[in-house]
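Peer 1: quick one, what's the 3D model for this:
(chains A and B, ligands or ions: 1)
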Amino acid sequence: MSGESAESVITVGIHVIVKKQSFSKVYKVSENGTLMLGKNQKVEMHEIIGKPFWSTFEMVPKHGSKNTYSLKLVERTESWDDLKGELSGQDNRFITDDGTSQRLSKEEILQLQESGKSGKEIIGSLIENSTSFVAKTEYSQEKYIKKKERKYFKFLTIYRPTILSLHEVYFRQNHDKIGGLRMDSLAQILSYSDVQADGLHMLYDSGCQGLPAAAMLNRIGENTGGYLINFHPGNVPQIAIVQAMNFPQELKDRHIAVNIYSFLRLHYQGESSVLDNISSKKITDHIKETQNIEESAEKSNGETKNNEMSQMNIEISELETDTRENIVSCCNTEKGTDTLKRKLDESEEPEETIPAKKPKWFLETQRALDLLNNSKARGLTIIAKEHPLNIVNELLPFLGASRPFVIFHTYREPLQETYMELKQKRNVINVKLFSNFLRSYQVLPDRTHPDILTSDTGGYILTGYLVR
Amino acid sequence: MSFNKTKEVIEEGDVVILYLNPNNIYSLEVKAKTFNKKAELVDNVFQTTYGALKVISLVGQKYGSKIELTKGWAHVLQPTPELWTMILPHRTQIIYSPDISLITHLMELKPGSTIIETGTGSGSLSHSLIRVIRPNGHLYTFDFHEQRVSIANTEFDRHGLSDFVTLKKRDVCLDGFGEELKHKIDAVFLDLPHPWLVIKHATVVLKQIGGKLCFFSPCIEQVQRTCAKLICEGFIELNTYECLQREMNVQYRSLPILDFECLKYKHTNENITEKNERRERKQEGKLLTVIHAQSLPGHTGFITIATLPPSCHRCTQK
Ligand SMILES: C[S@@+](CC[C@H](N)C(=O)[O-])C[C@H]1O[C@@H](n2cnc3c(N)ncnc32)[C@H](O)[C@@H]1O
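Peer 2: Reported below is the predicted structural model:
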């Protein structure tokens, strides 16, 4: 489908996946960009521009500046895959732990590095001279190699981002940031939501870095007729992963991100109520403030620690409730005035307070509502940090009859409650709650077994169909 | 014609899902007459536990509406691949939604993908694959069993999916996928007893810019043999998974709470009755929780995904 020549070349402005052995990172290509690996390795990236995807580069230390590397295009990477195979099943009857775990001295290790030995050769010597290595469980052997890999593996390969590879990056770095959404859960959400090339697909997502939106847009596809209506609780949706997918503008235009409060207010109270609110200066200032915080939160994603992040999130949601309260009180005063006065006000107000040009977010909200008034949605997907019950109750009226919904949550309890409420109060059938167990395997001749490291954070999924 | 677009109203010829309860879900073809066991043309009447349904009476009803039956009611739904997989007529073992989801996701399919599946079997996976690659992609599906091919063909036709799928009767282990598909395919999926015999043929049809190969095998020996072959042919990033979906039954339960406080000091009679009352009140407290199934499928199959790099980056062994 896509062009095989021009498009497979790395260009400035696009996002790429940089892979270093089992570690990978997202990088936005810029003219003279650098990439930080770990805490202190700085890689100058401009070599990759104009090269085809799948190119491999060696990290060459720069003279003069410590821990800085430039890149050199090479034929192929070094494979460490056989390292593990060679180690396990070793006969260790003659190996005794003499207390000094590494027999090589610091100087000797440094010598190895400077003598131009490959990373694999160095790690081989380290293991050979480590007396405690054999005594480790396979689990900690793997961990040991992973740790050394960061330091001694010196090859990078550049790939085109895909949902799977982006997911892997985020899941490894910090699965909290994507709501604990594991690969198999995401895969099932994409099935049960019935997302596909045509129709309107509703998504509520309150903080997975845009992973669900990106995955759904990917399934809606380029040059098709489908739309994604992406509800979110903040002022801007999280879209880091959507951006990293390098979608064409045409598809991004069919991604309609709207604040769920604005959407519902517009639906229930009409245009004037929403526009009146934004003309109140106090609130716009507030919105700006929240936006700033969210932006800074997004920017600092890479660096901020877990708890800092969640602290920010709390701040954001607090500000949001603030804004909402203000808006509500505005509405109240408005309602309080008598009708005559209001009529007078309305005849004057437009020029003064409502901006001539409606803000973009308002037009998007309007567009989402128009689309949903025109035809009901084909599927509803909710991936919430909040309690999903009110959200699903508000969005179900926009879903077509005979159409599916799917709700993901990190915790089971809110889904249990939602299950009961939906069963008792709404016309839904085939409602099911489940969780998944995912296991990956090491497959090697005579040494096949489940992988030692696995993830136990699959979350819970509630699905069903809406009927009349 | 009820798989290819969303519909409001049931028309003659549609395939609809009749949902009575979680354990009684059926598919019906909406037409006036049908053949009975003696191959005679008779009125199309469907017997349910809640009474008989004259199938043609569904015409004009809205999808999602409630249908009155003599002893109860049912809902009519437009089929989705998930519903279809739950109720389709089995001609072979089939792959179910949890595995199908993972397979589709791992193969990185999207609208426009051109893909191969073999064997077609009962078409359970095929329906999901077609949903993803529509409207501008294509599925080529192969099976060496004549009757399975022809039934699947009729089904795709009836479901309005013929434009997106081509069926071929062929032994792919012996004959491969055909010259006409050479370097045209984004992803190949294998569900047959000897996947390792198909790997060579798969490398021929996958695009020069590379692609994915995924296979589903119940036995680990098949996985080992096929993985070894994949590595020989230059595939990389092999990953094998197993995914079990655990359904949970949401229920209210009440737990008795034992009160030991009363043992610790002497009471007047009054006090004791009060305590007892309180204990009983506590017992009424409902706990919303889940019950796990007593048995569940403990194993379906291993799903292995592998990537074939672009031809300039391939490195085959031997
Ligand atoms: C388990 S079934 C596939 C089920 C299918 N994936 C589904 O979900 O409905 C396996 C199918 O592979 C077919 N098959 C086995 N060996 C084959 C071969 N060498 N060439 C073509 N088809 C083959 C069988 O006829 C059978 O229908």
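Peer 1: what does the residue of the stretch 101-250 of chain B at minimum distance from chain A show for phi and psi?
Peer 2: In the stretch 101-250 of chain B, no residue comes nearer to chain A than B:P111, which is 2.9 Å away by C-beta to the nearest C-beta. C-beta coordinates here come from the backbone N, C-alpha and C atoms, glycine included. B:P111 has phi and psi values of phi -50, psi 130 when expressed as degrees, to the nearest 10.
Peer 1: so it is in contact with B:R131, correct?
Peer 2: No. Under the contact definition of C-beta atoms under 8 Å, B:P111 does not touch B:R131, with a separation of 9.7 Å.
Peer 1: now do the shared contacts for the two.
Peer 2: Applying C-beta atoms under 8 Å, 6 or more residues apart in numbering or on different chains, one finds that B:P111 and B:R131 are jointly contacted by A:Q196.
Peer 1: neighbours of the residue nearest to the residue of the stretch 101-250 of chain B closest to chain A when sequence neighbours are not counted, just the number please.
Peer 2: Sequence neighbours aside, A:G221 is the residue nearest to B:P111 in space, at 2.9 Å (criterion: C-beta to C-beta, 6 or more residues apart in numbering or on different chains). Residues within reach of A:G221, counting by other C-beta atoms under 10 Å in any protein chain shown, total 26.
Peer 1: contacting residues around A:G221?
Peer 2: A:197, A:251, B:110-112, B:136.
Peer 1: and B:S122, by the same measure?
Peer 2: Taking C-beta under 8 Å, 6+ apart as the definition of contact, the neighbours of B:S122 are B:88-92, B:94, B:148, B:152.
Peer 1: in a markdown table: those, plus neighbour count.
Peer 2: As requested, these are arranged in a markdown table below (neighbours: other C-beta atoms under 10 Å in any protein chain shown):
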| residue | neighbour count |
| --- | --- |
| B:L88 | 17 |
| B:P89 | 9 |
| B:H90 | 10 |
| B:R91 | 17 |
| B:T92 | 15 |
| B:I94 | 16 |
| B:R148 | 19 |
| B:A152 | 22 |
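Peer 1: got those as a markdown table, with distance to A:E271 and secondary structure columns?
Peer 2: Formatted as a markdown table, the contacts of B:S122 follow (distance: C-beta to C-beta, whole Å; DSSP: H, G, I helix; E, B strand; the rest coil):
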| residue | distance to A:E271 | secondary structure |
| --- | --- | --- |
| B:L88 | 48 | coil |
| B:P89 | 52 | coil |
| B:H90 | 54 | coil |
| B:R91 | 56 | coil |
| B:T92 | 57 | coil |
| B:I94 | 51 | coil |
| B:R148 | 57 | helix |
| B:A152 | 52 | helix |
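Peer 1: what sits against the closest residue to chain B within the stretch 351-468 of chain A?
Peer 2: Among the residues of the stretch 351-468 of chain A, A:A401 lies nearest to chain B; the distance is 2.8 Å by C-beta to the nearest C-beta. Under the criterion of C-beta under 8 Å, 6+ apart, the contact partners of A:A401 comprise A:376, A:466-468, B:62-65.
Peer 1: got any ranges where the stretch 1-150 of chain B has weak pLDDT?
Peer 2: Filtered on pLDDT under 70, the stretch 1-150 of chain B yields the residue ranges B:1-2.
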